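Asks: what follows is a predicted protein model with its sequence.
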Amino acid sequence: MTLALGAEGGIRTPTGLRPLRPERSASTSFTTSASKNAAQNIKRAFESQGLCRRELQNNFNLRNGLRMFSSNNKLKPGATQFQANIFHCILGATDLFLRLMFNVSQLEIIRARIASACARAGRHPKEVTLVGVSKTISSAEILAAYNSGVLCFGENRVQEAATKIPELQALGVQAQWHLVGHLQTNKVKPALEMFEVIQSVDRLQLAEALQKRAEQNKRSVEIFAQINTSGESTKYGAAPHEAVSLARELSAFSHLRLTGLMTIGALTRDTHRLRQCFRTLRELVETIAALHLPNVVMQHLSMGMTDDFEIAIEEGATHVRIGRALFGERQ
């Protein structure tokens, strides 16, 4: 299949070509049936030609190969005109390919569902941040999602993130990275080198390790406290009745900024029970905010995933962590 380059979508001639950048306006409408049909047709066209995850990775490898003579999507000094032309052509072609291969229709549907849930709750979609949970997802697919407009990603494991985040940043990806999985104290150092937000602070020992490393790095770290609102033993997090005391303890750390709470809803189809999990977290945020603790500004509620994010939005979620609905079933 031949990819045509032109002025559309931010692609220009080789002498002035620049890579596609994600649309940053949260108000863009993705709800028209025409756009959904177009996206689905594009995906079917690629599938009919046998272009799947393997081909997406091949194109990413080609894009990654540009790093031999480029840095952060810019040509290194001393490149010949021929190298410049090849660089710009490959950069534009791979950006376009990655953007088309991403399941755009799913992203549109998710944004439409977020907008509908906000409308039911009398909220604006701009109040909700979509966190693309990229656990086990390849760098190629993350780059494609980023080029399609996903600007915030969540990783569960520090070790896995260490192989992807630096690679993507070297390719010019300027996404915000959240750690949404359990963090061991011996992984604090690499975690703080990669993540802007740690959503899973659930115990004093971890907070002490984060404070010590942040102080050494002379930086402030944004954190969410993880609360186990479902009471399920398989989930991490402080118990709801411990949330206020945990917040008080966290407020004593000068290099940590507690800005919200995070929870994982109950594993159930009972919408009443799910709603109660999310409502409990919202009420805890309100209670802690009223205390006016130092280093604590309660602004965020991270709750809701693929199967329950609409209920979470109706109960006040500011961050929804979506993986399967965005990237498809994990391989």
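Replies: Received, thanks. Numbering: from 1, shown residues only.

Asks: report all helices and strands that whatever helix or strand A225 lives in contacts.
Replies: Using DSSP states H and E, the element containing A225 is strand 221-226. Packed against strand 221-226, as judged by 3 or more C-beta pairs under 8 Å, 6 or more residues apart in numbering; DSSP states H and E, are the following elements: strand 197-201, helix 204-217, helix 243-250, strand 256-262. Every C-beta, even on glycine, is put in place using the N, C-alpha and C of the backbone.

Asks: could you dump stretch 284-292 to CSV, C-alpha only?
Replies: This file holds the C-alpha atoms of stretch 284-292, laid out as CSV (Å, rounded to 0.1, in the frame of the first residue of the first chain):
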residue,chain,number,x,y,z
LEU,A,284,-12.9,11.1,51.4
VAL,A,285,-11.4,13.8,49.0
GLU,A,286,-13.9,16.3,50.4
THR,A,287,-13.2,15.4,54.0
ILE,A,288,-9.4,15.6,53.5
ALA,A,289,-9.7,18.9,51.5
ALA,A,290,-11.6,20.4,54.4
LEU,A,291,-8.6,19.8,56.8
HIS,A,292,-6.4,22.3,54.8
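
Asks: need the contact partners of it.
Replies: I227, P240, A243, V244, A247, R248, G260, L261, V296, M298, L301, G316 (C-beta atoms under 8 Å, 6 or more residues apart in numbering).

Asks: list buried residues within those residues.
Replies: Those of these that meet the buried threshold are I227, P240, A243, A247, G260, L261, V296, M298, L301, G316, by 16 or more other C-beta atoms under 10 Å.

Asks: show me the helices in the stretch 101-250 of the chain, by range?
Replies: 104-120, 139-147, 158-170, 188-194, 204-217, 243-250 (DSSP state H, counting those that start in this stretch).

Asks: worst average pLDDT in the ones you listed?
Replies: Mean pLDDT is lowest for helix 139-147 among the helices of the stretch 101-250 of the chain, at a mean of 87.

Asks: other SSEs contacting it?
Replies: helix 53-65, helix 81-101, strand 152-155, helix 158-170, helix 324-327.

Asks: helix, strand or coil for the closest residue to E208 other than its chain neighbours?
Replies: Closest residue to E208 apart from its sequence neighbours, by C-beta to C-beta, 6 or more residues apart in numbering: F253 at 7.8 Å. At F253 the chain is in coil, as set by DSSP: H, G, I helix; E, B strand; the rest coil.

Asks: quick one: residues contacting F253.
Replies: So F253 contacts A207, E208, L210, Q211, N295 (C-beta under 8 Å, 6+ apart).

Asks: would you confirm that the third one contacts K187?
Replies: Read it as L210. No: using C-beta atoms under 8 Å, L210 is not in contact with K187, being 10.9 Å away.
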